[in-house]
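K.L.:
sequence first, then the predicted structure:
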Amino acid sequence: MPTKADLQRLRSLREKKTRESLGLFVVEGEKVVAELLAANFPFSEIYATRPWIVANAKAAAYIETTELTPAEMARASHFPTPSSVLAIGPLTRVPLAPGGLDRGLTLALPRVQDAGNVGTLLRLADWFALDRVLLSPDCADLFSQKVINASMGSFARVRTHTADLAAALATVPATTPVLGCDLTGDAVHALPPLRDAVIVIGSEGRGLSPALRPFVTYYITIPRYGGAESLNAATAAAIVCDNLRRLALASTGSA
């Protein structure tokens, strides 16, 4: 039976400072919990209503599971309308290793502060099988409920790192191009096939920050045919990643 302190702890994990202090984060919602369970994410605790426990007996058998009444779930929930399950996981951050950007495709996100956008970008990186996502420290918190929900399970499959982007880009070898997405760049369709690259998504409407520009090898843009001022960061990243994968496949004769 959960105590009052248990319910307060669950609710307090809405706050980043509490997550960092306790080294824990919470995931709420049947769909996203199911996605992460399917990806074998190492949850340490589950809090759920009786119908969820009955329907998910296998998960409840190997993860410590506490039954909550609907009233208790309402007190613990992070949502206006409570779901039937909350899961607790360890908050772990993997540092970027030396040479970590040398090979493969990296999506670098400077100051993407909208949590929904960060989650969507993780989902996009998962879709295109990018090797990693690099976030600046002032991006939306990776372990926030909105980021995890928007990623639709990709949170557990995509390798992510948080690091100072300028310092990280300074270590990229000359053999790995750094693509800066910017309104002033050349058309993305003109890129050559690339197996290794760092894709830096500029801030919507403002482009890349001055601190990152010295490390950019090529500036690229998505040709505009209408009157919109800019594209959403996730939309722009999807178009760039699609072009990179298409060109790579075409170069091997697999398209």
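P.N.:
Structure received.
K.L.:
which residue ranges of the stretch 51-200 of the chain form strands?
P.N.:
64-67, 85-90, 105-109, 132-135, 160-162, 178-187, 197-201 (DSSP state E, counting those that start in this stretch).
K.L.:
so for Leu96, which of the ones you listed sits nearest?
P.N.:
The minimum distance between Leu96 and the strands of the stretch 51-200 of the chain falls on strand 160-162, with 4.2 Å, by Cβ to Cβ. In short, each C-beta sits where N, CA and C put it, glycine included.
K.L.:
what does that closest one contact?
P.N.:
For strand 160-162, contacts defined as Cβ atoms under 8 Å, 6 or more residues apart in numbering pick out 93-96, 100, 122, 132-137, 139, 142.
K.L.:
stretch 210-219 too?
P.N.:
110, 165-166, 169-170, 172, 177-182, 184-186, 191, 200, 208.
K.L.:
just the buried residues of those.
P.N.:
110, 165-166, 169, 172, 177-182, 185, 191, 200, 208 (16 or more other Cβ atoms under 10 Å).
K.L.:
just flag the most distant two among these.
P.N.:
Spatial extent of these (Cβ to Cβ) is set by the pair Ala166 and Leu191 at 23.5 Å.
K.L.:
for Ile53, give me its contacts.
P.N.:
Residues near Ile53 by Cβ under 8 Å, 6+ apart: Ala60, Thr65, Glu67.
K.L.:
neighbours of the first one, how many?
P.N.:
So the one you mean is Ala60. For Ala60, the neighbour count with other Cβ atoms under 10 Å is 18.
K.L.:
leaving out the residues flanking it, which one is nearest to it?
P.N.:
In space, and not counting its chain neighbours, Ala60 is closest to Ile53: 5.0 Å by Cβ to Cβ, 6 or more residues apart in numbering.
K.L.:
now do the one you found, the pLDDT please.
P.N.:
Confidence at Ile53, expressed as pLDDT, is 95.
K.L.:
likewise Ser254?
P.N.:
Note for Ser254: predicted pLDDT of 50.
K.L.:
kindly list the longest helix within this protein.
P.N.:
Ranked by residue count under DSSP state H, the longest helix found in the chain is helix 233-251.
K.L.:
for it, name the packing helices and strands.
P.N.:
In terms of contacts (3 or more Cβ pairs under 8 Å, 6 or more residues apart in numbering; DSSP states H and E), helix 233-251 is packed against strand 105-109, helix 115-127, strand 178-187, strand 197-201.
K.L.:
tell me the helix or strand right after the last one.
P.N.:
Spelled out, that is strand 197-201. strand 218-221 (DSSP states H and E).
K.L.:
starting at the chain centroid, how far to that following strand?
P.N.:
23 Å (Cα atoms, centre = their mean, to the nearest Å).
K.L.:
in that strand, which residues are buried?
P.N.:
Buried residues in strand 218-221 (16+ other Cβ under 10 Å): Tyr218, Tyr219, Ile220, Thr221.
K.L.:
quick one: closest of the helices and strands packed on helix 233-251 to Met1.
P.N.:
With Cβ to Cβ as the criterion, Met1 lies closest to helix 115-127 of the helices and strands packed on helix 233-251, at 33.3 Å.
K.L.:
average pLDDT for the closest one?
P.N.:
Rounded mean pLDDT across helix 115-127 is 95.
K.L.:
likewise for stretch 61-78?
P.N.:
In this model, stretch 61-78 has an average pLDDT of 92.
K.L.:
would you mind measuring the gap between the ends of it?
P.N.:
25 Å (Cα to Cα, to the nearest Å).
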